[in-house]
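> sequence and predicted model, in that order:
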Amino acid sequence: MNNANPVNKGEMFDLLNSLEDYYGSKPASTATVNLYVMGLTGYTQEQVQAAVGKHMQNPRNGQFFPKVADLVKYINGLDLSTDQIIAMARLKNCPLGVMAAIQIGSYDLDNQDSFYLKQRAEEVLQLIPEWKEKANNGEYSEHQLRTMIKYDVEPASPFHAGLLPPRESYRIGMAVNALAAPIQDEQPKEPVKIHTEEEKREIIQSIGQIGYKPSSH
């Protein structure tokens with residue numbers, strides 16, 4: 001079940017008025033609220049509120065009223081370079097780093113030159129929007145989850161530094177729990193009996209003594 005709460009005018013109106021009170025601005029107009037709702041369509045109210053919190057804590061520009069672009073930046077993250085992707089793949093300390101390492105390959109990360117790795121990192125950059133959406137929806141594959149656990153990466157953590165936690169993190173937790181659950185057989189298997197050489201000879205001899213006996217009329 002999806003508990004995501006899409007951005008709506010009522011909650012956005014309340015949020016913007018709270019921000020304008022905080023920043024000492026005039027109350028939000030209906031037109032302004034409509035612009036924010038239009039610009040943030042596709043995101044959830046929870047994502048927007050979390051992005052507002054991150055913006056307010058930013059020592060560089062948190063003293064200014066957040067624009068739509070500011071909030072989208074906190075939700076989606078900054079643009080990454082190929083060098084950053086390669087570094088994250090080698091560190092494997094976040095979900096994106098693990099997925100990049102899987103895509104590029106551990107052998108290539110350790111043995112290929114910079115030119116080749118940059119080409120592979122470009123492939124990762126093209127895949128990031130798809131991966132990010134799957135992460136938000138809690139749709140990691142079993143292999144991805146197991147690899148994250150192997151490298152002590154919390155699958156329900158932010159996709160990479162600077163992003164918000166996945167909106168469907170509870171689904172990721174359920175998938176991780178399912179991986180940890182032991183598989184139980186319906187019926188316990190009987191232990192395989194190991195015969196001694198003497199027992200084997202006796203069995204063979206017994207089989208040899210079994211002959212065809214025609215039925216009597």
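Received, thanks.

> tell me the buried residues in the helix or strand hosting M148?
Using DSSP states H and E, M148 sits in helix 142-150. Buried residues in helix 142-150, defined by neighbour count with 16 or more other Cβ atoms under 10 Å: Q144, L145, T147, M148. (C-beta placed from N, C-alpha, C; glycine too.)

> and the pLDDT for L19?
Looking at L19, its pLDDT reads 93.

> domain ranges for the chain?
For the chain, automatic domain parsing gives the domain ranges 9-76, 82-180.

> winner for burial among those?
Across those, averaging neighbours per residue (mean count of other Cβ atoms under 10 Å) puts domain 82-180 on top, at a mean of 17.

> what ranges do the helices span in the chain?
With DSSP state H as the criterion, the chain has helices at 9-23, 30-39, 45-57, 68-76, 82-91, 95-104, 106-111, 114-136, 142-150, 169-180, 197-208.

> who does the fourth one touch, helix- and strand-wise?
Spelled out, that is helix 68-76. In terms of contacts (3 or more Cβ pairs under 8 Å, 6 or more residues apart in numbering; DSSP states H and E), helix 68-76 is packed against helix 30-39, helix 45-57.

> what is the orientation angle of the shortest one with helix 68-76?
Read that as helix 30-39. Interaxial angle of helix 30-39 relative to helix 68-76 (axes from the mean of the first three to the mean of the last three Cα atoms, to 10 degrees): 30 degrees.

> point to the residue nearest the middle of this structure.
Ranked by distance to the mean C-alpha position of the chain (Cα atoms, centre = their mean), the top residue is A135 at 3.9 Å.

> which ones are touching it?
P95, F159, P166 (Cβ atoms under 8 Å, 6 or more residues apart in numbering).

> in the protein, which helix or strand is least confident?
helix 197-208 (a mean of 66; mean pLDDT, DSSP states H and E).
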